[in-house]
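1. using only what follows, build the 3D model:
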Amino acid sequence: MPDKGNREIGFLQKLADRIVFLLTGERPHRRNSGSSFSGLSSELEVSVKPLISGKPRLHHKKKKVWYKGMLNNLIKPVGTQRRRIHHQKTDLLKKAQATDTAKAKSGEVETPALTQKRRVFHHSGRNKRTLANRIISFFRKITGKRKREQRPKLVLSTIRDDFRKALPRETYAFLNSLGFYILAYLVVYIVYQFTGAVVASNFGIDSVLFYYEIYFPIGNASPLWSRFNIIAITLASPFISVVISLVLLRGILVREAMNPQLRLFLLWVAFHGATYFLGAFVAGIVTSQGFGYVANWLFLNSFFRILISLIFLFLLTVTGYYSAVFALETIPPGIRQKRWRQSLALGSRFILPWIIGGLIIIVAKYPNSTPQHPNIMVYDAVVIATMGFMVIPAFFNYKAKPRSLVERPGRHRRPPGILISLIAVITLILFRLAFERGIHLIMNFSVDVGFYR
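-> Numbers count the residues shown, from 1 in each chain. Sure thing, here's the model as predicted:
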């Protein structure tokens, strides 16, 4: 059974150890329980010496409280603290560089701060990956797809320089195509009106050709008019126009050996021929003139008129889209290498001539007297406007591949744009002067077959 004195010594020793731990933060080396009380005093002296000698007292790590960090972030956000640290480091770096510069000037010491670049760490926050980025990266890892390589973008100054260099050539091309547009329109318009006059003379009806319409001297109330000959006269002109367009698009323009200038002129003739059939029906429905007499005398209701008009406009769009091959064959092969250059060439050769040429023709054909058909100028304007359904789709057909037959550098020279446009304007003026007073056509067809004796 242990002695009572030994119990008291053990208790006092534990108390002394606890006091020493609280004062110094170190656990004293325990000795055997059988040591005397004097040993305790010597141990206290040894353990207290570090505290008296001036060594810093060690503290326990305090447990982090979960709400303390949240309160600190509310009072001083993490971003603010990081910016403050960043500014402090930047100020210290500037001071160090200033002292190094001063020492270098005085010649005291070499300046590694000036010879080596110091890295400045920006504590603006970590790059946080959003959920969408994680999903995209995971999908790329599974499929093995990588990010697309970014193509180098053209510098704006380079594009401006190329555009300035291409502008004079495209100006000549525009004037050249504008002249062919006007000449092709005059050819198709004369054939269109002359066909109606020939068919009318077959029914004993004479006609007068003006530069803006075909005039019938017998008037609208003549007994010579019938339902059949009205449909035949008004249908013959659009029919011959679409035949010309089909022959050119399917029979002549598909030929390989052809001059680009001739190809451009025939392409405009084909476009005008198509619009004077498909577009003329739409214009006739709107104005009740020209081709619209066929729909009126066939007693078509409004639904079928709108339906046929939409079908004809769709056919114009399809024809223009697939005619982009012929349009590209009129452009030199060097220009077709770049997409923006090709678009510029198509715009200057087809879009602008259609707009500007159409306005010139409408102004030149404006009558100085009241026509027999009151809405005839609106009819012609709508017909010209419907050509947009052909030239605009050709502009957006990027899949069109021109044939290699025309890619001969010697055949593509700078077009005589000014000369062609002057010829077209002079021809348009002469056309108006020649048909201003009207050309009266009286044609008699007499066919008599019988035995001579």
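2. other residues contacting stretch 347-354?
-> If you take C-beta atoms under 8 Å, 6 or more residues apart in numbering as the criterion, stretch 347-354 is touched by 170-171, 173-174, 177-178, 180-181, 264, 327, 330-331, 387-388, 391-392, 394-395. Any C-beta I mention is one placed from the backbone N, CA and C, and that applies to glycine too.
3. could you list which of those residues belong to helices?
-> The helices, defined by DSSP state H, take in 170-171, 173-174, 177-178, 180-181, 264, 327, 388, 391-392, 394-395 from the contacts of stretch 347-354.
4. which one of these has the most neighbours?
-> Within these, most neighbours by other C-beta atoms under 10 Å means Tyr181, with 29 neighbours.
5. that residue and Phe304, how far apart?
-> Noted for Tyr181: a distance of 33 Å to Phe304, by C-beta to C-beta, to the nearest Å.
6. do the same with Phe314
-> Counting by C-beta to C-beta, the gap from Phe314 to Phe304 is 15 Å.
7. now do His373
-> Counting by C-beta to C-beta, the gap from His373 to Phe304 is 24 Å.
8. which of the two has more neighbours?
-> His373 (18 against 12).
9. isn't that one up against Tyr212?
-> No: here His373 does not reach Tyr212: they are 9.3 Å apart, not a contact under C-beta atoms under 8 Å.
10. in the stretch 151-300 of the chain, which ranges drop under the pLDDT threshold?
-> Within the stretch 151-300 of the chain, the ranges that satisfy pLDDT under 70 run 151-163.
11. just the helices in the stretch 101-250 of the chain please.
-> Here the stretch 101-250 of the chain has its helices, by DSSP state H, counting those that start in this stretch, at 112-115, 131-143, 156-202, 227-247.
12. can you put those in JSON lines and add distance to Gly320?
-> Formatted as JSON lines, those follow (distance: least, C-beta to C-beta, whole Å):
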{"stretch": "helix 112-115", "distance to Gly320": "69"}
{"stretch": "helix 131-143", "distance to Gly320": "40"}
{"stretch": "helix 156-202", "distance to Gly320": "15"}
{"stretch": "helix 227-247", "distance to Gly320": "11"}
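13. so for Phe299, which of these sits nearest?
-> Evaluated with C-beta to C-beta, the helices of the stretch 101-250 of the chain place helix 227-247 nearest to Phe299, the distance being 9.8 Å.
14. can I get the closest one in CSV, CA atoms only?
-> This file holds the C-alpha atoms of helix 227-247, laid out as CSV (Å, rounded to 0.1, in the frame of the first residue of the first chain):
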residue,chain,number,x,y,z
ARG,A,227,-60.7,36.8,-126.0
PHE,A,228,-58.4,34.5,-128.0
ASN,A,229,-56.4,37.1,-129.9
ILE,A,230,-55.9,39.2,-126.7
ILE,A,231,-54.4,36.1,-124.9
ALA,A,232,-52.4,35.2,-128.0
ILE,A,233,-50.9,38.7,-128.5
THR,A,234,-50.1,39.3,-124.8
LEU,A,235,-48.7,35.8,-124.4
ALA,A,236,-46.5,35.7,-127.5
SER,A,237,-44.0,38.4,-126.3
PRO,A,238,-43.2,36.8,-122.9
PHE,A,239,-43.0,33.3,-124.5
ILE,A,240,-40.4,34.4,-127.1
SER,A,241,-38.4,36.0,-124.2
VAL,A,242,-38.3,32.9,-122.2
VAL,A,243,-37.3,30.9,-125.2
ILE,A,244,-34.3,33.2,-125.8
SER,A,245,-33.3,32.8,-122.2
LEU,A,246,-33.5,29.0,-122.3
VAL,A,247,-31.5,28.8,-125.5
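15. start the count at 35 instead of 1 going forward.
-> Fine by me, first position is 35 from now on; the one you just mentioned is helix 261-281.
16. next, the angle helix 190-236 makes with it.
-> Here helix 261-281 runs at an angle of 140 degrees relative to helix 190-236 (axes from the mean of the first three to the mean of the last three C-alpha atoms, to 10 degrees).
17. give me the contact list for helix 261-281.
-> Here helix 261-281 has contacts from 222, 225-227, 229-230, 232-234, 237, 239, 303-308, 310-312, 314-315, 324-325, 327-328, 331-332, using C-beta under 8 Å, 6+ apart.
18. quick one: buried residues of it?
-> The neighbour-count check on helix 261-281 (16 or more other C-beta atoms under 10 Å) flags 263-276, 278-279 as buried.
19. for Thr133, grab the count of nearby residues.
-> Thr133 sits with 12 neighbouring residues when counted by other C-beta under 10 Å.
20. any figure for the gap between it and Lys123?
-> Here the criterion is C-beta to C-beta. By it, Thr133 lies 16 Å from Lys123.
21. again, but for Ile224
-> In terms of C-beta to C-beta, Ile224 sits 87 Å off from Lys123.
22. and for Phe337?
-> Taken as C-beta to C-beta, the span from Phe337 to Lys123 is 80 Å.
23. ok, those two, which is more surrounded?
-> Counted by other C-beta under 10 Å, Phe337 and Lys123 do not tie: Lys123 has more neighbours, with 14 against 8.
24. on the three-state scheme, that one is what?
-> Assigned by DSSP: H, G, I helix; E, B strand; the rest coil, the conformation of Lys123 is helix.
25. report pLDDT for it.
-> As predicted, Lys123 sits at a pLDDT of 70.
26. cool, Thr404 as well?
-> Note for Thr404: predicted pLDDT of 82.
27. residue contacts, the closest residue to Phe214 other than its chain neighbours?
-> Nearest residue to Phe214, sequence neighbours excluded (C-beta to C-beta, 6 or more residues apart in numbering): Phe299, at 4.5 Å. Listed by C-beta under 8 Å, 6+ apart, the contact partners of Phe299 are 214, 217-218.
28. and this protein, what are its domains?
-> 38-86, 100-177, 207-475 (automatic domain parsing).
29. return the most buried member of the ones you listed.
-> domain 207-475 (a mean of 18; mean count of other C-beta atoms under 10 Å).
30. gap between Ile216 and Leu464?
-> When distance is defined by C-beta to C-beta, Ile216 is 12 Å away from Leu464.
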